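Enquirer: Using only what follows, build the 3D model:
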Amino acid sequence: MATKAAYKRLSKEYVVMQKEPPPFVWAVPDEKDILIWNFIIHGPPDSPYVGGEYHGVLLFPSEYPFKPPGIKMYTPSGRFQPDKKICFSMSDFHPGSWNPAWSVATILTGLVSFMLSDEMTTGSVTTTDTDKRVYASRSHAWNLQQRRFRDSFPEYCTPSRRSLPNMGEKERGTPDTSEPTPEPSDSSTPTARLPLILTPKVGLGHQSQVAPPKTAGVVRPRKGRAVSTTGAGDGSRGWAATWREVVWDKWRWGVLIALAVVVSRITTST
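Expert: Next up is the predicted model:
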């Protein structure tokens, strides 16, 4: 039975696992016993395990995090003996080297690294890379036949292998295609529109749903007179057109006044 400290720590680590799972790894605690965690490891690219799906278990002591867990892998991999405890620096074979700061994510990341090495230890086997690739190609079908796997990971019991939440895209510098990019919300509420206005996506082929307002203002060519313009920056009404309008307006009134003076003088002289 888990102590209060172990229960609290493992509960916290489950939340972290949900938010930030390590590359090529996924793990969940048993519904009846939080000291038992089932995990899945997917074979990393450029390794003999690529395409493989490996199911195993972490067996935590009640004194966790002050003592290390036991570790087993059930799926045949060509690297570890199925259903036998694995000896490496983060397992219960080496309590003296255990660090209480290590977590479920740390342990499984270390296990993946150890799996990729050739170091022989208790629980390991010797096979060729060809053998490992054969095991990898058969691993998912083998897991589907195991009740332990089906009970622990029903969402991964699909005809073909399903990707884990973190397939190492960030570490390899490739785009993450495990989840579709969310589309902009069609909601007309200010809350839904606000992010689209304040944080438009630039250079990614997306355009803001809110069209920018047309520039409107008042151009004042001389004091006491204002000429209103709309879209002053467009090609239809530039500064040159505005000044032509002002000059024509000025001379038009001058001509009219001159004609009025001439007519007045002719009338007076007659």
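Enquirer: which other helices and strands contact the helix or strand harbouring Trp37?
Expert: Using DSSP states H and E, Trp37 falls within strand 36-42. On a contact count with 3 or more CB pairs under 8 Å, 6 or more residues apart in numbering; DSSP states H and E, strand 36-42 meets strand 25-29, strand 53-59, helix 104-116. Using the backbone N, CA and C atoms, a C-beta is placed for each residue, glycine as well.
Enquirer: Could you check the one helix or strand Asp131 maps to and say which residues are buried?
Expert: Taking DSSP H and E as the definition, one finds Asp131 inside helix 129-144. Of the residues in helix 129-144, Asp131, Lys132, Arg133, Tyr135, Ala136, Ser139, His140, Trp142, Asn143 count as buried by neighbour count, 16 or more other CB atoms under 10 Å.
Enquirer: ok, now stretch 31-38?
Expert: Ile34, Leu35, Ile36, Trp37, Asn38.
Enquirer: before we move on, the earlier item: of the helices and strands packed on strand 36-42, which is nearest Arg150?
Expert: Each of the helices and strands packed on strand 36-42 was scored for nearness to Arg150 using CB to CB, and the closest is strand 53-59 (10.2 Å).
Enquirer: Each with direction, which strands does the closest one pair with?
Expert: strand 36-42 (antiparallel), strand 70-73 (antiparallel) (DSSP bridges).
Enquirer: Quick one: work out the angle between it and strand 25-29.
Expert: Here strand 53-59 runs at an angle of 40 degrees relative to strand 25-29 (axes from the mean of the first three to the mean of the last three CA atoms, to 10 degrees).
Enquirer: Show the average pLDDT along strand 53-59.
Expert: For strand 53-59, the mean pLDDT works out to 98.
Enquirer: circling back: which of the buried residues of stretch 31-38 sits closest to Lys12?
Expert: Among these, Ile34 lies closest to Lys12 (CB to CB), at 11.2 Å.
Enquirer: got a list of what the closest residue to the closest one other than its chain neighbours touches?
Expert: Excluding the flanking residues, the one nearest Ile34 by CB to CB, 6 or more residues apart in numbering is Leu10, at 5.1 Å. Neighbouring residues of Leu10 by CB atoms under 8 Å, 6 or more residues apart in numbering: Ala2, Pro29, Ile34, Leu35, Trp37, Phe60, Tyr64, Val104.
Enquirer: Am I right that the third one falls within a helix?
Expert: When you say that, I think you mean Ile34. No - counting by DSSP: H, G, I helix; E, B strand; the rest coil, Ile34 is not part of a helix but coil.
Enquirer: So for it, what's the pLDDT?
Expert: Confidence at Ile34, expressed as pLDDT, is 97.
Enquirer: Ok, the last one next?
Expert: pLDDT recorded at Val104 is 97.
Enquirer: what mean pLDDT does stretch 150-166 have?
Expert: Mean predicted lDDT for stretch 150-166 stands at 97.
Enquirer: what do you get for stretch 23-30?
Expert: pLDDT averaged over stretch 23-30 gives 97.
Enquirer: Make 834 the starting number, not 1.
Expert: Shifting the count to begin at 834 puts that one at stretch 856-863.
Enquirer: Give me the contacts around that stretch.
Expert: Here stretch 856-863 makes contact (CB under 8 Å, 6+ apart) with 843, 847, 850, 854, 868-877, 891, 937-938, 941-942, 945, 985-986, 997-1001, 1004.
Enquirer: Mind giving me the PyMOL command for buried ones among these?
Expert: Buried subset of the contacts of stretch 856-863, written as a PyMOL selection, criterion 16+ other CB under 10 Å:
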select buried, resi 843+847+850+854+868+869+870+871+872+873+874+875+876+877+891+937+938+941+942+945+985+986+997+999+1000+1001
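Enquirer: just checking, the residue nearest to Ile867 is part of a helix?
Expert: Yes - under three-state DSSP, Leu843 sits within a helix.
Enquirer: possible to save the buried residues of helix 962-977 as a markdown table with pLDDT and distance to Ser957?
Expert: Output for these, formatted as a markdown table (pLDDT from 0 to 100; distance: CB to CB, whole Å):
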| residue | pLDDT | distance to Ser957 |
| --- | --- | --- |
| Asp964 | 98 | 13 |
| Lys965 | 98 | 12 |
| Arg966 | 98 | 18 |
| Tyr968 | 98 | 14 |
| Ala969 | 98 | 17 |
| Ser972 | 98 | 17 |
| His973 | 98 | 22 |
| Trp975 | 98 | 19 |
| Asn976 | 98 | 20 |
